[in-house]
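# This is a predicted model, with the sequence first.
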Amino acid sequence: MLFMVCTVIVCLAMALILYMFIEAHQSRVVSLDIEVNGLSEAFEGYSIYFISDIHRRVISQNMLNSIDTPDIVVIGGDLTEAGVPFSRVARNVQKLSTLGAPLLFIWGNHDIFVERESLLAIFKQHQVILLENDTYVVKRQGEFLNLVGLGDSTNDLDCLEAALEKTLPGVRILLSHNPNVQRKLRKRDQIPLLISGHTHGGQIRLLGWGPREKGGVKERAFGTLIISNGYGTTSYPLRLGAKPDTLYLTLYRREET
């Protein structure tokens, strides 16, 4: 009897681990329509493809083939981590370049511990624009959209003031790998939208509880916070209750109330 009980427990545990492994290797695009305060008519329908926390994964070309060409692609940090071959990183960046849109990159807490020059060489080869406390300005019909990218705030390498100095009159969208920068935002910063990753959605959640915040769209005092669950994993290639995702965001003007 004891043997049978132990056998059932082992089988259930193995089935759960297999399920978690399969869940961790899904490739999903979550499409979201986002209303942004102050967005000009010129940028109505502007699209951002956001992918973060790739870590050790190989990006699915089929996933990328399933989406319409965005206006911009943002690699939201943790493109890689220690021990990942740079050939794999280069291949992932090359795949993202096939989307036919400008590629932006912001640092994640794992990226800063790999050889910087090797990463920069890959970025140069594929014309990736590095935003490190800097701003990428998009001009359309005489209006400006500011994509403000921060350094890694996990290791206190972010400087919002320096990044905002590069902005032009127009909406500011903040890109930060770690959503913890939300604590530093004030109304005067005029940032209606923050897009982040880092949390993996908790990666493994039990009965809805996880060690980190689950991804999604959240309203905050400063504006809207969007957190991606990320594409890859750390420590173990397992997920539960926090499916991996990439985000296809389409921006619209928020109606005045």
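It's in.

# only C-alpha atoms for contact and neighbour calcs from this point on.
Noted.

# so where's the stretch 151-257 of the chain shaky on pLDDT?
256-257 (pLDDT under 70).

# which stretches of the stretch 51-200 of the chain form helices?
Remark: helices assigned in the stretch 51-200 of the chain by DSSP state H, counting those that start in this stretch are 61-65, 86-97, 116-125, 160-164.

# Would you mind putting those into TSV with mean neighbour count and distance to Tyr236 alongside?
Shown next, in TSV, are the helices of the stretch 51-200 of the chain (neighbours: other CA atoms under 10 Å; distance: least, CA to CA, whole Å):
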stretch	mean neighbour count	distance to Tyr236
helix 61-65	13	23
helix 86-97	17	19
helix 116-125	14	24
helix 160-164	18	33
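
# for these, which one sits closest to Pro237?
Within those, the stretch nearest Pro237 is helix 86-97; the backing value is 16.9 Å (CA to CA).

# Please enumerate residues in contact with stretch 107-127?
76-82, 86, 90, 93-94, 97, 103, 129-130, 132, 150-155, 177-178, 198 (CA atoms under 8 Å, 6 or more residues apart in numbering).

# repeat for stretch 212-227
So stretch 212-227 is in contact with 36, 179, 185-187, 190-197, 199-202, 228-229, 242, going by CA under 8 Å, 6+ apart.

# cool, and stretch 130-146?
Under CA under 8 Å, 6+ apart, the answer for stretch 130-146 is 40, 42-43, 104-107, 123, 147-151, 158-160, 162-164, 166-173.

# Filter these down to the buried ones, ChimeraX style.
To isolate the buried members of the contacts of stretch 130-146 in ChimeraX, using 16 or more other CA atoms under 10 Å:
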select :40,43,104,105,106,107,123,147,148,149,150,151,158,159,160,163,164,167,168,170,171,172,173
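
# just checking, which of the contacts of stretch 130-146 belong to strands?
If you go by DSSP state E, those have Leu104, Phe105, Leu147, Val148, Gly149, Val171, Arg172, Ile173 in strands.

# May I ask which two of those are separated the most?
Using CA to CA for every pair in the ones in strands among the contacts of stretch 130-146, the one that comes out farthest apart is Phe105 and Val171, at 19.5 Å.

# about what we covered before: which of the helices of the stretch 51-200 of the chain sits closest to Leu251?
Relative to Leu251, the nearest member of the helices of the stretch 51-200 of the chain by CA to CA is helix 61-65, separated by 19.9 Å.

# Work out the gap between the closest one and the centre of the chain.
17 Å (CA atoms, centre = their mean, to the nearest Å).

# Repeat that for stretch 124-138.
15 Å.

# and what of stretch 249-257?
The answer for stretch 249-257 is 21 Å, by CA atoms, centre = their mean.

# got the buried residues for it?
In stretch 249-257, counting by 16+ other CA under 10 Å, buried: Leu249, Thr250, Leu251, Tyr252, Arg253.

# quick revisit: tabulate the ones in strands among the contacts of stretch 130-146 (JSON lines), appending distance to Ile67.
JSON lines is the format used below for these (distance: CA to CA, whole Å):
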{"residue": "Leu104", "distance to Ile67": "18"}
{"residue": "Phe105", "distance to Ile67": "20"}
{"residue": "Leu147", "distance to Ile67": "22"}
{"residue": "Val148", "distance to Ile67": "24"}
{"residue": "Gly149", "distance to Ile67": "24"}
{"residue": "Val171", "distance to Ile67": "25"}
{"residue": "Arg172", "distance to Ile67": "25"}
{"residue": "Ile173", "distance to Ile67": "22"}
